[in-house]
Every structure is written in structure tokens, then in C-alpha cells.
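> Starting from these lines, generate the structure:
(2 chains)
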Protein chains: 2
Amino acid sequence: MKKYVYAFEDGKKEMKSLLGGKGANLAEMSKIGLPVPPGFTITTEACIHYIEIGEKLEDSLKESIFKHLEDLEDEIGKDFGDVNDPLLVSVRSGAVISMPGMMDTILNLGLNDKSVEGLAKKTSNPRFAYDSYRRLIQMFGNVVLGIPGYEFDNYLERKKEKKDYDNDTDLTVDDLKDIIQDFKALIKNRKDIEFPQKPEEQLIMAVKAVFSSWNNARAISYRNHNDIPHDLGTAVNVQTMVFGNIGDNSGTGVAFTRNPATGENKVFGEFLLNAQGEDVVAGIRTPKDISELNNLMPEVYEEFMEVTETLEQHYKDMQDIEFTIQEGDLYLLQTRTGKRTADAAVNIAVDMEEEGLIDKETAVMRIDPEDISQLLHPNFKEDELEKADLLATGLAASPGAATGKIYFNSEDAAEAAADGEDVILVRKETSPEDIEGMVKSNGILTSRGGMTSHAAVVARGMGKCCVAGAGDIQVDESTRQFFVDDRVFNEGDYISLNGSTGEVYAGVVETTEAHLTDNFKKLMIWSDEYRDMGVYTNADTPKDAQVAIDFGAEGIGLCRTEHMFFDSERIMSVREMIVADSKKKRKKALEKLFPYQKEDFKGIFKVMQDKNVTVRLLDPPLHEFLPQNERDIKNLAEELTISVEELRRIISDLEEMNPMLGHRGCRLGISYPEIYKMQVRAIISAAIEVKEEEGYEVKADIMIPLVGTDRELEIIREKAEEVAEGLLEDTDTDIYYTIGTMIEIPRAALLADRIAKYADFFSFGTNDLTQMTYGFSRDDAGKFIGQYLEQEIFAKDPFQVLDQDGVGKLIENTVKLGREEKPELKIGICGEHGGEPSSIEFCHKNNLNYVSCSPYRVPIARLAAAQSAIKNN
Amino acid sequence: MKKYVYAFEDGKKEMKSLLGGKGANLAEMSKIGLPVPPGFTITTEACIHYIEIGEKLEDSLKESIFKHLEDLEDEIGKDFGDVNDPLLVSVRSGAVISMPGMMDTILNLGLNDKSVEGLAKKTSNPRFAYDSYRRLIQMFGNVVLGIPGYEFDNYLERKKEKKDYDNDTDLTVDDLKDIIQDFKALIKNRKDIEFPQKPEEQLIMAVKAVFSSWNNARAISYRNHNDIPHDLGTAVNVQTMVFGNIGDNSGTGVAFTRNPATGENKVFGEFLLNAQGEDVVAGIRTPKDISELNNLMPEVYEEFMEVTETLEQHYKDMQDIEFTIQEGDLYLLQTRTGKRTADAAVNIAVDMEEEGLIDKETAVMRIDPEDISQLLHPNFKEDELEKADLLATGLAASPGAATGKIYFNSEDAAEAAADGEDVILVRKETSPEDIEGMVKSNGILTSRGGMTSHAAVVARGMGKCCVAGAGDIQVDESTRQFFVDDRVFNEGDYISLNGSTGEVYAGVVETTEAHLTDNFKKLMIWSDEYRDMGVYTNADTPKDAQVAIDFGAEGIGLCRTEHMFFDSERIMSVREMIVADSKKKRKKALEKLFPYQKEDFKGIFKVMQDKNVTVRLLDPPLHEFLPQNERDIKNLAEELTISVEELRRIISDLEEMNPMLGHRGCRLGISYPEIYKMQVRAIISAAIEVKEEEGYEVKADIMIPLVGTDRELEIIREKAEEVAEGLLEDTDTDIYYTIGTMIEIPRAALLADRIAKYADFFSFGTNDLTQMTYGFSRDDAGKFIGQYLEQEIFAKDPFQVLDQDGVGKLIENTVKLGREEKPELKIGICGEHGGEPSSIEFCHKNNLNYVSCSPYRVPIARLAAAQSAIKNN
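Numbering: from 1, shown residues only, chains lettered A, B, ... in the order given. Predicted coordinates:
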């Protein structure tokens, strides 16, 4: 027969998949000589076998369990079921991956009507004995027999009320005896069985209950949702009971080997005297700080400090420990890797490397890249949040915390900000016209749109707090109000946004500032040592570019040119260009725009110096730039000396049913080649001038958006080269420039070999590629994406986490075909996914040359790329 | 050395790729003993070789040419270059596929200053001789030396003006001698060479000119555009001259062996006495009907009739023949398959089968499926069209011809039609709200949208004439006017639409009716004998379904349920359902809709009897159904007892940035399962009742639109089955029903194996699939698709002709993965491409089970499917 039961001393921490997490660690602690109450583990394989044969415990397994129980009896010197001095055990589940919904713990197993009396006598503590028995029956009734916990709790509460007690501890021995009788009656009544008096029967029932709970509905659903295989099974740990509630030389507590909030290298924990584990959690008594143990029981304290030292040295990580002190003796009941804040994680990883406990590689792997985000942005003060007035929860679109007065349009917001007010811009959804208001606001709130809506993308680029798609908020821009249920908020009212959680609060909530520690910087430098994929940034302005450089960006992977068009100085010329009814007029308007564009690019090139700057030519549909309100329309009509009606007709003619799928991207470059020509001229001229003025070896990568056929790229490339070569010849200069394309249309991905013929580089625009592949718009998906996550149609929002199955298939195909045609093809990603760790790993596995993300996510990308290199190289 | 030159008697019609079309047919006619002036052909391989070695004629090839020339001299008994009685030849190009832009013809080659005098003497017809020489120099100067033709023409015109002549024939011998001098001077002046006096030199230069013209810009561009390989090359035909212009016992003409307009089995042609080929084309004299030849030259006529008979028997198809009569002797200069109208094509094919000339398979292959369309719809009268006032040309969105008064909204159009007026509905673009007006109009004109815009799709479904995306027409719906340049058209003005060409005319143009002949029906039946792919139809109403059945549809591949929602009786309930803020209210509204939906389906099931009916559950975004104008909004608000403001807020909340990519299709089914449940209940209930009432074995295929993930289909399928099974159990009935999905989202195509797990059938929605794969909306693509065709980015509009490279790759992948998972998976297509012949062939090659198209395209699809089966099986 297979070995289904392991004494703690026979296991070790490497046997986690057989013994479960808890069992493996109990075994490991035993092995290295730490004071662990003896016990044994029934393996996960036993669980699987139990399920396979129809939820039965085979006799051979039972025998093995009882054999190990006998060994326990021998070791402890007590007998299971001894009426005078019984051996008591706890029974705990221990899966490989901890999982809500599964059966957890039964304490004091082995007591019965007889042995409780013996225990009372033996300990001279009848209250302790009967309370232990009461707890056993209650836990057994609940977790083994499946009677809802509240039925026991209600009874207990009624009893206390009747007796006018405040606490459980007020219950007398007689009360407890009453309760035991009533609990037994409750079990009889509900389940038509007697509470088992044979300890062996208790044990077997408990083990079966743990095994069966592996397949309860909640556990299955959790595993489905988290992609955990269903054939792992759970182990069961049977362990000698120790008691922290026998008197004031007993106690129980939890501790972290370092401070989980700051990472400080000092044991952090608390304990209660004369208590059992659940009492600490119940929060009736206030636990004491671990340092006080030094005063109360200095030897125990000293031993405990040694234990924490031993555990860290052994596990090479900060540990979260449960312990019990029974009559002056320390026992360890559990150890596991401790959860920690991002700040603590960074500090602990760096400290441990410097202490020689771990190497750099391990330090880099220790940090969850996603957690870093909170280090880069302000946050609300914890205590402030607790009392804050939560209005709604939207999408956590751009992290950080912001508070301010609400304004409902860009102009009002900018004006109020100019008057020194803290401003939150509230819109149904934002458009490029709102840029100025967004720049001036502390935060942005929209009631529509998803994680890659305009508001979200722009806010992340700016590192500005944004909550998007808060559907419970009804925005009425015309009356400058928003509604949440029956509450009304008017212009000027204060609200607060948590862009890291999506929460929206009424009123002011105070914030704390972000800070980048030296340890953080060290960790980034270490990451770069492992990383083999470039990290670029998406930046449209010199300011954004500088932020990204400071965060370690190695180039610009996406410089959008359209935001530049909204500047008030030039928007009129942009509009003139759009409504032009002849090439000549359009060229004239473009001529006015040229010097601005050139200066834009010069500014960026100066910041980026010798680094690659990938400039995307004009992408959005032209009508986005047209005036929407009466006054602007009138002004433009006057400027153009056409009638308002004529202008209206032009505007209405430019409107599109589905702008996302409309006349945009390279389609504009095909229809109006003069626009792209002007942009290329501005890029190359700027490069020439910056090289001349500053001596930088500017690297301009010209990127054509929305290509779906090779011919589009062929035509545009030819014209762009003509402009560029002409300028270089005229000035007798040599400038590094390349011409490449976004891969964001499924067709381009399907036919990437053809496209590659005309491309020096590819850059995946995964926002659009996701939209087209799924067939839904990021602006509109907000309406159903919540339900899709709820009904588990999506495991994750595909605009946040790359859909590796579907969109990923296109990416794989593109890389394969593209490099078949052109082996040295440079390939990157500049969609939002370029800053998301699991997507970055996917890019790395697919041999992309670089990822590009918003400036504030550059550190996350550096870390994620390093981790992927460590994992996969 | 390779054989580069073939005498006519050494070739045959099967050698078309070597001898070109013309050469092969000349050889064939010689071979079967028809009177063809002797000659030889220089092969296409010689042309390719000539190009490969840098446009040179090798000496060996020249020798071979002159050797054949000698043979000609021997046969004819005249010498090339003989000053007294010279052998004259024509030199003509003859590519495998005829191609504009290539050099065409040089006549009278071999004449020079000396031999022209001999010819004059010999024929006693100096005018004939000098005119022949004049023509040679003119043609040589133009086509061999590249001097623009108008330079010669201008000179000729000036000469005639000066002499006050009307016709070329007025020119005297002296005039012609002057002209010859001046033409030679023109050549000297432009090209700095003398017109070559050596006949051999003339010949070699002419051959080289033909070969070189294979690679001129226009020919290359034509080949690129038509996917003709560049390495075919062209042949050159050198043929003894015969003259139809020697006197009144000479002549020239063209004839078809049957009537190319009607197909009548009677020679159809015309001729001119005393004329050369180009005179017939010039149109100065009116040619005579071929029957008159019987009176003028009965023997020649009789011989000619025998020739036509021989040619048809030999070629097994109607022939288009060029002939010349030289002094009473008949010569054939060319024969080729004759072009014909659709009507003629059908009649000729069926007649020839019945005459035993061809078999059924050949008859079926003879018809271009696309041509059939004109047989199914009314057309404008030819002579009316010539004088019509063309306003603009849009897309030929739905064939047929229509004339009527213009109205600018659905209500006005319906009202006017009810008053008995002929109505044309004019809109910027139509939406489902316009259905009633569309039904009542004779034709529909839109200024926006492409071949698969709403207007186009719906009109084709109705078999109603539609011109879409006529961008030159500026529609102002508010003032009820449209503008074309500076012309204004007001409500009530007449216009006429040609939906087969996209032309829009001012005023009334008279039409002729469509008629389906017996021959047409026969051809359809023959087609069905070969076809192995099903032909279904897209039909939403019993009326459409009946039309399709009459055209031979074998099932419904797409029954849209949304058009049913717009009926005035039920739109209020639809709106009630949409604005419902609770499931309860929504269910209440759906309850009202249920009986209507059930009746809709019953009506269709009754028409379709035992045939498959594929019903697509609700697809468009809900806001399409909401009221747009003030009055409707007010009415709805009253009906719902909510305020107008509240309703407006709801409507604005439902609006989407990109409705095509929004909350539609199965996403509605996920968010509001009660809608799909009601529809499934209506379908199954209707099937049960029709089975009971009529005894038909109804076949209901329930189709879920816009699926992108397997889980969507899994969830919806489960709910639909629950409803269906419940009903069948309750009524104790057995109804055939299946549940399948559209494949119209690229992701579904990429992961078709997963989707297939939950699908009984797939149906490609190639409209949406094309939109998503290319990333452009059919409603908005109109703005640039014209430029894309012009710049040859697209060979064809991908909404009309399936993009086999890109979208086709997804289709191939879907079929492969889908059938790997489920080998018996039924797969069809219900996008617009289901009625387009080349797309139908693609579907057949990819083993689809059926295509589905609009009723009026069913015959086209039947024929195309038959042809694909014949070609590919």
C-alpha cells in the first residue's frame, strides 16, 4: 500500500504537494528541532484516493491513521480516549494552495462525556475542561456535521442574555454543562445522530469531512476561478493539542519575523495570556505587543526570538508564525511566508540581500510588480478611509488618491484650478477636447468607459488619479450635477477618488505623499541586471518623457501626435486643415501647423537625447478635432469665411457611426497624404536641428497606425521616405530613422509576413487589437464587462490583462510570420498591456524586443521583465 | 533553337498560351479549312526571351521570321518588297488574355516609296495605293515610333479644312501624296529618323514594338490590377493583307453567329462595301445588315453562313467574327467567343444543349452568375438612359431601376406612397427606424454607407433598388432638400435610380419589367444537378421567404428578429422593455411582445414548411429601438409614467460611442437573459403550433450572434435548452431544433475548437467578420473605400467580394478547428458574401455545407455553387 500518513518528523518543507502547506511546514519545523506539538499528516494522495473510490476511507488507511495515533500516544504518554487524562488532538485541513470554502479546524478532538470529567480533575480546572468540550461539540457540529454555525452562536447568545453575561468567559461550569447538553440535543435534532462518544469515531468523521470539503461547491468554484487544478486534493493534519488557556502562564499569539507594514527588521506581533487562538481573532480582549512578553516571561520571549531568527534563516523569508505557550512552554503551531505591504516587500528583499540571506535574483523575484504601483502615487490615510463616505465604486483606472471640488467641463475645471482650487473633473466620458481640464485637475471621474477609455489612458500617461466607468453615478453635464441614487452633487462640491481601488467618496479624504526609497532604486538596478527586454514609455510631451526617463525608460515606444493638436494656439489651424475643401487650402493650414509640430518633436528629442523616439503619425478620426459648441462653431465659421450652416454641414458630414472603425489612422494618410508628409517633415527637421544644436544622435522611429494591408504601408512608406530623404539631402545630414507600423488590426496580424516587407519594426497596439479581436469598443464595453467578469466569461478584463488565448494567438502569429520574412525585425508593444506583468511575461516569451508603457508603470515593467527573464531564460 | 515561329497551318486553338488568342484561332481556322489569309505567328516565348535578353531580337529569330516570310511569298506568289506587285502584311499583337494599352495593329506593312507606285499600277487604283501607304506611315509613326496619334489626325483635319472636304474619301491622289510627304517629315522631325524604306526593317521594328509594348506602364498596371502574370508575354501575328476597299465587289464586316442581345439562333452582323476594318468602327458610313449581303453577293453570303455554322460546330459556342471580302473572295481575319447579354447567355446555353452542341455541364459553366442579377430586376430602357440627366454615381447597392418623388424621412415617404405616389426615399443613411418607408418606396438613395450599410443590406433583402453612398449628393434632412454642386432638389421632385450601376438621374426615366424565362428555369434545374452545397436565404418575413422559395432557396440561413420589433404595434412594448429598470418590468414588457414574436415565427415556419429556418436572436444595440424625435419621446415618457428628463437620461445612457462594437448580440443575452428566453420560447412555441396545425416537420435552428468566447455560448445555450426542453416536455411534442452560433468575431474564428463544443452549427457572419478583421465599419468605410480601390489597396470592395487572404484565413482556420473538435459540424455563411460568386467558390472549396443570401441572389448562388462543384470536384 502507498504511504498515506506521515509523522511530522518524516516530512519536510519540499513535500508541500503531498503534505499540504501547513503539514509540510509543521514537518519542517519539527525536523529542524523547533518545539512543535507532535502529530501526523494524512496526505493529499489519500484525499484523491478517497474521492476516487466514492468518498470512502479504506480500512488500510484507517489502520495507518490509528497506528500513527498510537505512536503519538507513546510519545506524549497519554492515551486517546483515556477517561482520566485523555490525549486530545486538533484536526486541520492543509491544501497545497490555501482555499476559502474548505473545512478548516476542529480542536480538542478526543473529549467525550467521560473524559471531560477526567480532564477537569487532572487539570483541576473544570471550567477549562467543559469549555473545551463545548468548543469541540460546537466545531464538530458545524464543520463535520454541517449545522450552520449561527445556530450554535444564537444559542450561546441567548444563554448569555438570559444570564446577563457580557463575555463567554462569564459562563460558569454549570452553564457550560447545560450548553453541552443543549448542543448535543441540537445535533440530535438536526442530524438525527448522537454526538459520537468514541474518540476514534470523532477522528474518522473529521478526516472524512476534511476530504469531502475538497469538493464542495465553493471550493470548486474558487479553483475554477483561480485556475487551480481539481486533482490536487487536501491533506489533513492531526496534532496533539496544546492549550494557551490553562492559566496565566499560558497564552497564544501571532507574530511576523519583520514588520509587515514597513519591512523593519524587528519581530512584530501580539499575544494574549490565558487564551486560545480563536480568542485573539475574536477581538474581545486587546492583545499585547510581543515586546511585553519579555517582561512577563523573559525566557519564553528569548526562546521565541531565537525561533524567529531560526525560521528566517531557514526559510530565507519573512515568516508569519502562530504560537501557543502552555504553562510556560513555547509551541509553534504554524509558520508561513508573511504577507506584507509593497513598501515592506521592497525593504525586506533588499535588506535580506544585504544581510546575505538571499541573492539578488531572489530579491528581484520577491516583489509583485503590480504592488509597486502604490509606491509611486499618493494614497489616502488609512484611518481617514475608515470613516469616509463611500459613494460608488468604478474602475481603478489610474492609481493614486485625489480630492477636490467637482467641475463638469474642461474649461470650468481649468479656470477653477487657475484660481488655486483643488479640482476633480467629472465627465460621462472624456475626449481629446478635455485634455486641458484633465491636466489641471487633481483627478478625473467618468461614469462610462473601461480601463482603456480615453480618460483612463490619458490619466495613466499623466500619472494622474482616475476612476473610470463608475456606472452608479449619473452625470448630467448640462445641469452640472451628478446623482447617486437620490443624492445630488453640484458643481463645487468636494469628492475624493481612490484611483488604486476605484472608490469614490463624498467630501475630503486626506492623503499621504508618494516616496521613492533608496531600496526601491536598488531593486530597480538589480532588475535591470536580469532583464533582457527593453522598457520604453508612452509619452507625448517633454514633461512625460522626463518622468519616464527618471523612472528608467530606455526610449519612447509611442509618442502620439494628436494631443499636440488640441493646444489652443493651433487648434484653429487644425480645424482649418480639416474643413479644407481643396488640397491647396489643406496644405496652407498644414503649413501653419508645421512649426508647432517641429517644436513639439524638438522638445521631446532633447529630453530623449540618443534614445529611440517612436512617433506615431496622426491616428484619430478628424472630426474629434472639430468644434462642438455654438461659440466655437461660430468662431471657426468666421475665421474660414463660410456660413455657420455650411460649417455645420461639413461637421455633420465628418461624423461617423463608429469612429473607432472609421476614417482614421493610415486611412487618413492615404486620403490626405499631405498630413503625413507634414508630420514626417516636422519629425526629420526636428531631428536635424536637435542634432545640430545639441549634438545628440537623435533616433526617430516613424510609426504608421492602423495598417491592415501591405499596400497601405507600401504607399505611405514611399511618400515618407521621399520627404525624409529630400530633407537629409538638402541639409547634407545623416539621421537615424526607421519606418514601421502598429500591428493593431487582426488582418495585419494574419498577414504579418506581407506587412513586414515594408516595415522596419512592428509595435503591437494591443488596445485596438483587443477591441477588434473581441469586437467590442473599450469605450462601450464598460456596460457589460462587469457582468462578464461576474459570470466568469472573462477571468480578467482583457483591456487590462492581455487575452493570451485569442489576441495572444494573433501576436504569436505576427512574430512568427514577421520574423520569417525579416529575421531581424524589431518588435515591441505599446498598448496598455505593455505595463501589465503577466502580459509582459507573454511578450518576453514571444521574443519581443521591448515593451512600452505609461511613465508611471516603467518601474513595474522593468521588474516584470526581469522576473520573466529569470523565470524563462 | 526553340521553335519561335509557327505558320498558321502548324498551330491549333489549344496552343493559345504559345500563340496568343488571335494566333491560335487563326491557326485553328486555317486547320479546319476556312479561308484565312496565310501568315505566321511569333510566339509568346519569343517575346519573353526578347525581354529577358534586354529587348533584343536575336539573329536566329530574325532568320526564322524571314524564312516564314519566304514561305508566304511562295504561297502567295508575291515578293515582300517587290516594287511592282509587293506582298503586304499586317502585324498584330495577340496576347493570351486581351489587354488594353498594348500595341495593336499595323496594316499594309511592306509598302515604300517605290512599291506604292507598283501597287497603283498593278491595281489600277492609285488612290487605293497611296491611301494604303498613308495609313501605313500613320500607324507606324504612332504605334511603332510612339508619336501621339493626334499629331497625324490634326494634320489630316487641317488638310481637309483647307480643302473644304467632309470625308477622308474626298482626298485626292495628290492630296495623299502631299500628306505622305508631310507625315514622313513629321516622323523625321519628332524622332530624327527616316520612315524606313526597307520592308524587312519595317517588319523587324514592328515586331520589336509589339514585344516591347508588353511592358509598357499601362499594360503592367492592367496586369497588376487583374492578377495576370507578367511572364505570359504576347505573340505577334504576321498575316498577308487582304483588302475590302478595292471596289464594290470588296467589303469588310463583323458578325455574331447568334444574336448577342437575345440569343436568337440567327447570324447577326453588319458590313460595309469598299471599306477597310477601321472604316466600320469610324461610323462615317452606316453599315448594312448582314442579310443584305444575300442580295448583293449571294454566293459570298451562302459561304459566310456555312462558315458561321462550321465555326459554331467547331468551337461549340457563339462566335464573334471579323471578315473581309476582296474582289468577291471571303476571308476570315478573326474569330473569338462573342460577348452577350445575360438574357442571350442563358438562351444560347440552353439552346445549344438542346441542339446537342454542348452538354449540360458546359451550359451551366457558360453563364456568369453575376450577370443573372439583371434578369431578376426591372431595368431602364436603353434609349431613355441615353438622354437622361445624370446627377451622381454612388454604389450599386441593390440592383434594379426605380423612379419616383423624393421624400426625406420614413413617415413622409410612407404617407406619400399611401396616397398612390411613386416614392424614392432619400436619407443620409438609413436605420432600422426607416424600415416602413423603405418598404413603401420604389427605391432608396443614401449619401453615405457602403455595400453592406443598413440601406444596402435591407434593400437587397427586399429586392428593392438602392443606390448607397452617393457622396456627391449632400442631403439635408432638416430642410428636406438635397444638393448636387449648385443644384437643389426639394421634397416631391422626381429622380431615378439605377441600382445596378449606382447612377442617379434627375427626373423620370422609363423602365422595363423583369421576366424569368423558361430557359432560365431550365438552367437553374441543371445547376442543381451539379451543386453539392446548400443554398439558403436571408429572410425576415413570410413574404421574403416566399420569394426566396420561388427562387429555389432550400432553407433560411438568417432570419433577423430585430426588424420585427419596429412594427408600430409593438415598438412601444420594445421600448418599455429597454428602459425597464428592473427584471420584473422587463419581463412584463417581454410578455407583451411574446405573442407577436410567436406569430412572426409561425408565419415563416408555415412558408418554409419542412425546411431549416435559422433564427438569429436579437443582435443590434438596444438604443437603436429608442425614440429619437421629441414627440415619440414625450409619448413614451407618458406611457411609462416617467418624466421626459428621466427618459432622456436613460436614452443618453444607452448611447454608445461605437455601437457596432458595443452592447449588442449575445452580450445582450448575457446581460438580459430574459430577452433571449422570450425569443426561444416564441420560436419553439411557434414550431409546436405549426407542427400541430399544419403537420409540417418544422426545423428551427437557433443562432446566437456575436459570440467571442466559448463561455458566452455555454451560458446562453444552457438557458435556451432549458426553455426549449421545458416547452417540449409540457406539450409532449418532439421538435427538431439546434443551437448554433455566428462566427463573426475574429476571436471566435481563432478559437473555433472551443466554440464548437457548444455549437450544433456555425454560420459565418462575414459582414461583421470583415469589419472586425479589417477594423473598419461598413457604415463609415464609404469615405475612403473609393480611394482604396483607386490606389489599388483593394482589388475589390471587401464588403462585396470576400477578402480571401485575410478574412479567408480566419474562415479556413474556423473550419479546420471546428471540424477537428466536431467532425459533423454544419457550417454555412450568412453574410452578404453568401451571394457573391467568387466568395461562394471559396466557401465550396472550404467545405461549407451551405451559403445563405438575400432572396434575389438565390439563383446566382445556385449557379455559382454548381460552377464551383464542376470546377473543383
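> Tell me the helix or strand right after the host helix or strand of residue A:693.
Secondary structure from DSSP states H and E places residue A:693 in helix A:673-694. The element immediately downstream of helix A:673-694 (helix or strand, assigned by DSSP H and E) is strand A:699-704.
> in its sheet, what does that following strand sit against?
Here strand A:699-704 is paired, per DSSP bridges, with strand A:612-616 (parallel), strand A:736-743 (parallel).
> Would you mind writing the CA trace of the shortest one as PDB?
Right, the one you point to is strand A:612-616. Only the C-alpha atoms of strand A:612-616 are listed here, as PDB (Å, rounded to 0.1, in the frame of the first residue of the first chain):
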ATOM      1  CA  ASN A 612      14.800  55.900 -29.700                       C
ATOM      2  CA  VAL A 613      11.700  58.000 -30.100                       C
ATOM      3  CA  THR A 614       8.800  56.200 -31.800                       C
ATOM      4  CA  VAL A 615       6.400  58.800 -33.200                       C
ATOM      5  CA  ARG A 616       3.000  57.700 -34.300                       C
END
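> between that strand and helix A:673-694, how big is the angle?
Computed by axes from the mean of the first three to the mean of the last three Cα atoms, to 10 degrees, the angle separating strand A:612-616 from helix A:673-694 equals 160 degrees.
> before we move on, the earlier item: list the buried residues in the helix holding residue A:693.
Buried residues in helix A:673-694, counted by 16 or more other Cβ atoms under 10 Å in any protein chain shown: A:673-691. For glycine as for every other residue, the C-beta is placed from the backbone atoms N, C-alpha and C.
> For stretch A:140-159, buried residues please.
Within stretch A:140-159, the residues scored as buried using 16+ other Cβ under 10 Å are A:140, A:141, A:142, A:143, A:144, A:145, A:147, A:151, A:152, A:155, A:156, A:159.
> tell me which element residue A:558 falls in.
Assigned by DSSP H and E, residue A:558 belongs to strand A:555-560.
> picking that back up, which helices and strands does the helix holding residue A:693 pack with?
Using 3 or more Cβ pairs under 8 Å, 6 or more residues apart in numbering or on different chains; DSSP states H and E, the elements in contact with helix A:673-694 are helix A:583-608, helix A:666-671, strand A:699-704, helix A:710-731, strand A:736-743.
> Residue A:355: how many residues sit nearby?
The number of residues packed near residue A:355 is 11, by other Cβ atoms under 10 Å in any protein chain shown.
> Correction: the previous question concerned residue A:421.
Per other Cβ under 10 Å, the neighbour tally for residue A:421 reads 16.
> mind checking the SS state of it?
For residue A:421, the assignment made with DSSP: H, G, I helix; E, B strand; the rest coil gives coil.
> is it fair to say residue A:504 lies in a strand?
Yes - assessed with three-state DSSP, residue A:504 lies in a strand.
> for the strand holding residue A:558, the distance to its chain's centre please.
Centroid displacement of strand A:555-560 relative to its chain, using Cα atoms, centre = their mean, to the nearest Å, is 25 Å.
> Strand partners (parallel or antiparallel) of that strand?
Partners of strand A:555-560 in its sheet, by DSSP bridges: strand A:534-538 (parallel), strand A:612-616 (parallel).
> Now mean neighbour count and distance to residue B:338 too, for those, in TSV please.
Output for these, formatted as TSV (neighbours: other Cβ atoms under 10 Å in any protein chain shown; distance: least, Cβ to Cβ, whole Å):
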stretch	mean neighbour count	distance to residue B:338
strand A:534-538	29	63
strand A:612-616	25	55
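> Please convert those to CSV, extending it with distance to residue B:633.
Compiled in CSV, the strands paired with strand A:555-560 are given as follows (distance: least, Cβ to Cβ, whole Å):
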stretch, distance to residue B:633
strand A:534-538, 42
strand A:612-616, 42
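> export those strands to a markdown table and tack on mean pLDDT?
Shown next, in a markdown table, are those (pLDDT from 0 to 100):
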| stretch | mean pLDDT |
| --- | --- |
| strand A:534-538 | 97 |
| strand A:612-616 | 98 |
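> hmm, back to that, show me the contact partners of the helix holding residue A:693.
By Cβ atoms under 8 Å, 6 or more residues apart in numbering or on different chains, the surrounding residues in contact with helix A:673-694 are A:561, A:577, A:583, A:586-587, A:590-591, A:593-594, A:597-602, A:605-606, A:609, A:615, A:617-618, A:668-669, A:696-698, A:700, A:702, A:716, A:719-720, A:723-724, A:727-728, A:731, A:733, A:735, A:737.
> Just the mean pLDDT for that helix, thanks.
Regarding helix A:673-694, the rounded mean pLDDT is 97.
> can you give me the offset of it from its chain's centre?
41 Å.
> Then stretch A:461-472?
The chain centre lies 16 Å from the centre of stretch A:461-472; the measure is Cα atoms, centre = their mean.
> so residue A:416 touches residue A:425, yeah?
No - the pair residue A:416 and residue A:425 fails to qualify as a contact (Cβ atoms under 8 Å) at a distance of 9.8 Å.
> buried stuff in whichever strand or helix holds residue A:219?
Assessed by DSSP H and E, residue A:219 sits inside helix A:217-225. Buried residues in helix A:217-225, counting neighbours by 16+ other Cβ under 10 Å, are found at A:219, A:222, A:223.
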